[in-house]
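**Student:** Build me a model:
(chains A, B, C and D)
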2 protein chains.
Amino acid sequence: MKYAGFLLHLKKFIELDEEEENILIAAFHYQEIRKKEHVLQEGQVCTSYYFILKGCFRSYFINENANEQVVQFGIENWWITDYDSLLSQRPSFFSIQAIEASEVVRIDKKVMDELFLKIPRLERYFRIVLQRTYAASQMRIRYLYGMTAEERYEHFHSLFPEFVQRVPLYMLASYLGFSPEFLSRIRARKNV
Amino acid sequence: MKYAGFLLHLKKFIELDEEEENILIAAFHYQEIRKKEHVLQEGQVCTSYYFILKGCFRSYFINENANEQVVQFGIENWWITDYDSLLSQRPSFFSIQAIEASEVVRIDKKVMDELFLKIPRLERYFRIVLQRTYAASQMRIRYLYGMTAEERYEHFHSLFPEFVQRVPLYMLASYLGFSPEFLSRIRARKNV
DNA sequence: GAAAGAAATTGAACCAGATCAAGAATACTC
DNA sequence: GAGTATTCTTGATCTGGTTCAATTTCTTTC
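**Tutor:** A predicted model of the protein is given here:
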């Protein structure tokens, strides 16, 4: 069943009885997303939370030099959305795009708000997930400021070797805070 | 009463009856922190959450050039802690220090875990606060990558004019991602 | 209120990484 | 499987911001 992985993930954090599972399944929409398809475009108001069942996403924006700047990656069992736009209901500063053919379960903000009232234990789940997500984001700043470009790449590569293969080099470079050309040079240096 | 501001803040997000208020007051410790005093030192395990009643904090680390790098500021009505260390109970990568004479309420991680069971509505409160905190952290990355150093300063200055007066220039420079000398030059340019 | 310490300024030299441009490899697509 | 579109590489040049060092101003502290 399409929701199995999602429910399994939730159950790692909170208990759910059968009725609650059914409420969840009714609230979330399963959706396949093609490679390069956007679920959010810069300037639109973000209306949904997305839980990634399969595949890989990035959130990014176009900077002043007309380059795409990757702000965040999302893979299996992570949420991806633009919280700023979602909460304020103002136009988004980010775009969110599938890097690979992907599968998600999507839920509308309004439906989610109701769901929190129906299943208050979900608050706990999201509290825990957001603590981790925020911790990861702090750690990223730590690496951005505490390491050189080359060290950042090395470090990321050692932590997520398979992921480095999975995304285009120019997106990874952007995420790590330097130009694709520079990453290409780092690699060239290593391979000699 | 010392906890008044804290309870008032919580009540903006969730309802609390008198019994719950008493449980909260019993769980949290009021504490005055002197200017430059640390509540966490890099390498220690972080054991507490801090809610800032009054004053101003920074979390920072020492980078490879032996410079202090500011990762986050915290002011009145914000939480400050190192979630990574707090959750994993591993030594912290950050130090947390009062920039001014400050007042906080502190709660131990263990006590907090119990508190979530006693007052489950707190999960909701933290879920909401963490969404906002994470959104702010994403937005910061957006500005770091999407603007030049000077634009970042301008932007920050226009958003938080009073705060710019409040913290030493070299900490602000570090937070915005450049050297204190460079911020000094930006200011010099403006004042001509 | 003098002395010491901390923070801010200024100048000069330098460099990590960016940008531009052009070509080479991969990967889709029909 | 030919053709087109992406992605990656490499070289040459350039620059936003750093680093180092010296001086000045502002804050503490006793």
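**Student:** Apart from its chain neighbours, what residue comes closest to residue A:86?
**Tutor:** residue A:46 (4.6 Å; Cβ to Cβ, 6 or more residues apart in numbering or on different chains). For the C-beta atoms, the positions are set from N, CA and C on the backbone; glycine is no exception.
**Student:** Residue A:82 is in contact with that neighbour, correct?
**Tutor:** Yes - with contact defined as Cβ atoms under 8 Å, residue A:46 reaches residue A:82; the gap is 4.3 Å.
**Student:** residues shared between the contacts of the two?
**Tutor:** Residues touching both residue A:46 and residue A:82 by Cβ atoms under 8 Å, 6 or more residues apart in numbering or on different chains: A:40, A:92.
**Student:** Is the spatially most central residue of chain A within a helix or a strand, and which one?
**Tutor:** Nearest to the geometric centre of chain A sits residue A:74, at 2.8 Å (Cα atoms, centre = their mean). Residue A:74 is located in strand A:68-75, with elements delineated by DSSP states H and E.
**Student:** Now do the SS call for the residue nearest to residue A:68 when sequence neighbours are not counted.
**Tutor:** Closest residue in space to residue A:68, ignoring its immediate chain neighbours: residue A:60 at 5.0 Å, by Cβ to Cβ, 6+ apart. Following DSSP: H, G, I helix; E, B strand; the rest coil, the label given to residue A:60 is strand.
**Student:** Now do residue A:60, the pLDDT please.
**Tutor:** pLDDT for residue A:60: 96.
**Student:** so who does it touch?
**Tutor:** A:68-71, A:94-95, A:97, A:171, A:174.
**Student:** again, but for residue A:148
**Tutor:** residue B:64.
**Student:** Tell me the residues of chain A that contact chain B?
**Tutor:** A:59, A:61, A:63-64, A:69, A:71-72, A:82-84, A:87, A:93-94, A:116, A:120-121, A:123-124, A:126-127, A:130-135, A:137-142, A:144-148, A:174, A:177 (Cβ under 8 Å from any Cβ of the partner chain).
**Student:** Kindly recompute the last result at 7 Å.
**Tutor:** Counting by Cβ under 7 Å from any Cβ of the partner chain, chain A comes close to chain B at A:61, A:63-64, A:69, A:71-72, A:83-84, A:87, A:93, A:120, A:123-124, A:126-127, A:130-135, A:137-139, A:141-142, A:145-146.
**Student:** returning to that earlier point: quick check: beta-bridge partners of the residue nearest to residue A:68?
**Tutor:** On the basis of DSSP bridges, residue A:60 is bridged to residue A:70, residue A:95.
**Student:** now it: how far from residue B:89?
**Tutor:** Residue A:60 sits 34 Å away from residue B:89, going by Cβ to Cβ, to the nearest Å.
**Student:** Likewise for residue A:133?
**Tutor:** Distance from residue A:133 to residue B:89, by Cβ to Cβ: 19 Å.
**Student:** quick one: which of those two has more around it?
**Tutor:** Between residue A:133 and residue B:89, counted using other Cβ atoms under 10 Å in any protein chain shown, residue A:133 has the larger neighbour count: 22 against 10.
**Student:** In terms of pLDDT, where does the residue nearest to that one when sequence neighbours are not counted sit?
**Tutor:** Counting by Cβ to Cβ, 6+ apart, residue B:134 is the residue found nearest to residue A:133 once chain neighbours are left out, at 5.8 Å. pLDDT, residue B:134: 97.
**Student:** ok now do residue B:134, which residues does it touch?
**Tutor:** Listed by Cβ atoms under 7 Å, 6 or more residues apart in numbering or on different chains, the contact set of residue B:134 reads A:83, A:130, A:133-134, A:137.
**Student:** can I assume residue A:95 is in contact with residue A:38?
**Tutor:** Yes - using Cβ atoms under 7 Å, residue A:95 makes contact with residue A:38 at a distance of 5.9 Å.
**Student:** Neighbour count: those two, which is higher?
**Tutor:** Taking neighbours as other Cβ under 10 Å, residue A:95 and residue A:38 compare with residue A:95 leading, 20 against 13.
**Student:** mind checking how far the more buried one is from residue A:65?
**Tutor:** 17 Å.
**Student:** Repeat that for residue A:18.
**Tutor:** On the measure of Cβ to Cβ, residue A:18 and residue A:65 end up 53 Å apart.
**Student:** Could you do residue A:71 as well?
**Tutor:** From residue A:71 to residue A:65 the distance is 16 Å (Cβ to Cβ).
**Student:** Looking at these two, which one has more neighbours?
**Tutor:** It is residue A:71, of residue A:71 and residue A:65, that has more neighbours when counted by other Cβ under 10 Å, with 23 against 7.
**Student:** so what's that one up against?
**Tutor:** Applying Cβ under 7 Å, 6+ apart, we find residue A:71 in contact with A:59-61, A:94, B:138, B:141-142.
**Student:** what does chain A put close to DNA strand C?
**Tutor:** Listed as neighbours of DNA strand C in chain A under the rule Cβ under 7 Å from any atom of the strand: A:65, A:67, A:148-150, A:177-179, A:181-182.
**Student:** rerun at 10 Å
**Tutor:** A:34-36, A:63-67, A:100-101, A:144, A:147-153, A:165, A:168, A:173-174, A:176-186 (Cβ under 10 Å from any atom of the strand).
**Student:** Which of those fall within helices?
**Tutor:** A:144, A:149-153, A:165, A:173-174, A:176, A:180-186 (DSSP state H).
**Student:** And the strands in chain A, which stretches?
**Tutor:** Taking DSSP state E as the criterion, chain A contains strands spanning A:29-33, A:38-40, A:48-54, A:56-62, A:68-75, A:79-80, A:95-98, A:102-108.
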